[in-house]
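Chemist: Predicted model and sequence follow; I will ask about them next.
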Amino acid sequence: MIYWKIFIAFFIPGIVGYGGGPASIPLVENEVVERFNWMTVSEFSEMLAMANALPGPIATKMAGFIGFQQGGIIGSFIGVFATVAPSLILMIGLLSLLYKFKDSPRVKTMTALIRPSIAILLGVIAFQFFRNSYFSSGALQTILLIGVSFFLLERVKVHPAFVILGSLMYGAIFLGS
């Protein structure tokens with residue numbers, strides 16, 4: 001039964017998570033935290049930070065980690081497969097149709113209209129992470145990490161993986177329990 005739950009937890013976000021891995025993060029969080037209670041919001045945010053620090057697609061890294069945590073190696077394989085299965089099925093089944101309408105103004109308009117929804121979903125999850133950080137680590141630590149991260153990303157142009165790694169090390173040293 002756990003393998004079926006792992007499959008569902010990643011297949012559904014794969015179907016409705018239009019826009020790739022970042023768009024599916026809130027959907028995976030809903031399945032993993034709210035629906036199946038496999039993780040807390042804090043654990044999910046820590047796992048997401050680690051997944052962001054590693055190279056490769058975010059959705060498959062999350063699926064592999066959570067699948068392994070819940071069902072071992074087979075669970076990891078099922079999670080990754082469930083994440084890529086919707087795209088795989090669509091690409092195989094609809095490749096000629098996609099090619100035929102790739103320059104359609106309607107398709108371009110539809111894509112442009114979906115982008116604000118993705119931005120809102122990412123904003124909601126960012127707010128949840130901020131709130132969780134504020135209450136668990138305090139306002140000073142949260143504002144410090146946000147400010148330094150913003151400075152490093154926007155002014156110094158440090159690669160996001162290094163900023164995430166630095167934040168993880170800061171948390172391990174200064175915020176570890």
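Modeler: Good, I have the coordinates.

Chemist: what ranges do the helices span in the protein?
Modeler: Counting by DSSP state H, one finds helices in the chain at the ranges 2-16, 21-29, 41-53, 58-100, 105-137, 139-150, 160-170.

Chemist: so which of those comes closest to Arg35?
Modeler: Shortest distance between Arg35 and these, using CB to CB, is found for helix 2-16: 7.3 Å. Glycine gets a C-beta too; all of them are placed from N, C-alpha and C.

Chemist: How about residues contacting that closest one?
Modeler: If you take CB atoms under 8 Å, 6 or more residues apart in numbering as the criterion, helix 2-16 is touched by 24, 27-28, 31-32, 35-36, 38, 59, 63, 66-67, 70-71, 74-75, 78-87.

Chemist: And stretch 135-152, by the same measure?
Modeler: Contacts for stretch 135-152 (CB under 8 Å, 6+ apart): 42, 130, 133-134, 158, 162-163, 166-167, 170-171, 174-175.

Chemist: Go through that stretch and flag the buried ones.
Modeler: Within stretch 135-152, the residues that count as buried by 16 or more other CB atoms under 10 Å are 141-142, 145, 149, 152.

Chemist: mean confidence score for it?
Modeler: Here stretch 135-152 scores 90 as its mean pLDDT.

Chemist: By pLDDT, give me the weakest of the contacts of stretch 135-152.
Modeler: Within the set of the contacts of stretch 135-152, pLDDT is lowest for Leu175 (77).

Chemist: now stretch 57-70, how far from the centre of its chain.
Modeler: Chain-centre distance of stretch 57-70: 10 Å, with CA atoms, centre = their mean, to the nearest Å.

Chemist: Deepest in the core, which of the helices of the chain is it.
Modeler: By mean neighbour count, with neighbours taken as mean count of other CB atoms under 10 Å, helix 21-29 ranks first of those at a mean of 22.

Chemist: Packing partners of that helix?
Modeler: If you count contacts as 3 or more CB pairs under 8 Å, 6 or more residues apart in numbering; DSSP states H and E, helix 21-29 packs onto helix 2-16, helix 41-53, helix 58-100, helix 105-137.
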